[in-house]
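*Asks:* need a structure here:
(one chain, ligands or ions: 3)
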Amino acid sequence: MPLSKRWTLTRYLIEERRRFPEASGDLNALLLDVSLACKAISRVVSFGDLTDSLGQLPATEAGGVNVQGEVQKQLDVLSNEIFVRMNEWNGHLAGMASEEMDEPKQIPEAYPRGKYLLLFDPLDGSSNIDVNVAVGSIFSILRAPQEVVDSGRDVTEADFLQPGAAQVAAGYAIYGPTTMLVLSVGNGVAGFTLNPNLGEFVLTHPCIQVPADTQEFAINSSNSRFWEPPVKRYVDECLAGKTGTRGKDFNMRWIASMVAEAHRILMRGGVFMYPRDTKDPARPGRLRLLYEANPVGFVMEQAGGRASTGRQPVLGVTPSSLHQRIGLVFGSRHEVERIERYHHEPATRDPGVPLFAERSLFRD
Ligand code: AHG
Ligand code: MN
Ligand code: MN
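*Replies:* Ligands and ions are numbered 1, 2, ... in the order given. Predicted coordinates for the structure are as follows:
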């Protein structure tokens with residue numbers, strides 16, 4: 001399609017807003033500032049080591065380790081700064097929260113406060129930056145509680161603890177061979193490719209749908225000894241392929257960059273699992289609920305896929321803390337439903353548990 005016939009992100013947002021004549025346009029303006037932050041991060045990432053910014057921050061320096069005890073890379077901190085600077089001034093936000101900030105970020109006194117909350121993982125998959133593999137940014141937009149908007153008070157952690165189903169918009173940018181922005185404002189999912197000549201996100205994937213079935217799964221199998229039985233069962237059945245109960249061969253992928261896995265799944269189907277496991281009892285899962293699982297879950301569900309903790313839809317979980325971790329399974333609907341089913345079935349098929357063996361009293 002000739003470039004002139006394609007919609008820009010701005011046009012897409014305006015056309016979406018026309019469905020709501022009473023809308024103020026604040027959400028659109030906010031999303032355009034988020035997209036600008038993503039363009040700026042894309043630019044920084046594309047310079048790689050030319051800007052000497054790929055390394056780790058020295059652990060002694062303030063900010064060298066984030067609230068979750070993870071080593072921060074210079075680009076983690078820089079990307080966080082870009083998100084904050086591009087969004088603190090516009091008057092649409094009551095506050096922000098990020099993987100890289102221990103506490104919620106207040107809107108400075110100098111600027112007006114608005115009605116939305118912005119949550120983000122400024123650089124996802126950052127262990128991949130020094131090996132030149134796709135990374136991304138993830139964002140989630142919630143409404144601030146009305147009382148916060150009315151009073152203009154500082155935001156607290158509790159203001160952000162809303163279930164994923166309450167998201168107004170969510171999406172991610174992926175910095176790969178091309179930079180793309182994938183977004184849902186609650187009416188399906190649209191994908192935009194950054195045209196570097198124009199500096200504009202251009203609508204290239206208008207109505208993304210995740211196929212309901214797949215033959216591709218993604219999991220970090222180095223954790224297999226810590227998996228719970230339903231996950232072991234699912235993966236074993238995939239590995240058995242044609243010779244097992246599934247009756248078809250599966251392919252496996254693991255990029256270690258959730259944005260890249262989510263993008264692949266949106267484009268061609270698949271299932272992604274970072275389930276709850278027994279590796280560290282203090283960490284129920286690896287990924288963060290509010291700025292990783294929820295936004296990706298929202299996009300998946302809006303694309304006809306499914307996102308789950310394994311036990312329940314992830315968007316239904318009431319968060320308990322800002323940096324809470326959670327088990328996450330998402331992608332092709334029938335596969336996610338199967339994994340949920342395995343979690344709900346009594347452990348009848350776990351051969352490691354004699355009481356629950358096929359011929360036991362507990363047989364279903
Ligand atoms: P982040 O770089 O924001 O900390 O997130 C990395 C996440 C996610 O993108 C990826 O799926 C997962 O961590 C990779 O974990 P493993 O290193 O265990 O494979
Ligand atoms: Mn991340
Ligand atoms: Mn990150």
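*Asks:* Going by C-alpha atoms from here, please, whenever you check contacts or count neighbours.
*Replies:* Noted.
*Asks:* Would you map the helices across the stretch 1-150 of the chain?
*Replies:* 9-17, 26-46, 74-87, 146-151 (DSSP state H, counting those that start in this stretch).
*Asks:* Redo these as JSON lines? Include mean pLDDT.
*Replies:* Formatted as JSON lines, the helices of the stretch 1-150 of the chain follow (pLDDT from 0 to 100):
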{"stretch": "helix 9-17", "mean pLDDT": "97"}
{"stretch": "helix 26-46", "mean pLDDT": "97"}
{"stretch": "helix 74-87", "mean pLDDT": "96"}
{"stretch": "helix 146-151", "mean pLDDT": "98"}
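*Asks:* Which one, of those helices, ends up nearest to ligand 1?
*Replies:* helix 74-87 (8.3 Å; Cα to the nearest ligand atom).
*Asks:* Those residues of the stretch 51-200 of the chain touching ligand 1, which are they?
*Replies:* Within the stretch 51-200 of the chain, the positions near ligand 1 by Cα under 6 Å from any ligand atom are Asp121, Leu123, Asp124, Gly125, Ser126, Ser127.
*Asks:* Any idea how many residues pack against the first one?
*Replies:* Counted with other Cα atoms under 10 Å, the burial measure for Asp121 works out to 25 neighbours.
*Asks:* Please apply the same query to the second one.
*Replies:* Neighbouring residues of Leu123 were enumerated by other Cα under 10 Å; the total is 29.
*Asks:* Name whatever forms a beta bridge with the closest residue to it other than its chain neighbours.
*Replies:* Once flanking residues are discounted, Leu123 sits nearest to Ser137: 4.9 Å by Cα to Cα, 6 or more residues apart in numbering. Taking DSSP bridges, one obtains Ala173 as the residues bridged to Ser137.
*Asks:* Would you mind confirming that Ser137 is in contact with Asp124?
*Replies:* Yes - assessed by Cα atoms under 8 Å, Ser137 is found in contact with Asp124 at 5.6 Å.
*Asks:* joint contacts of these two?
*Replies:* Contact criterion Cα atoms under 8 Å, 6 or more residues apart in numbering; residues shared by Ser137 and Asp124: Val259.
*Asks:* Between those two, tell me which one has more neighbours.
*Replies:* More neighbours surround Ser137 than the other of Ser137 and Asp124, with 29 against 25 (other Cα under 10 Å).
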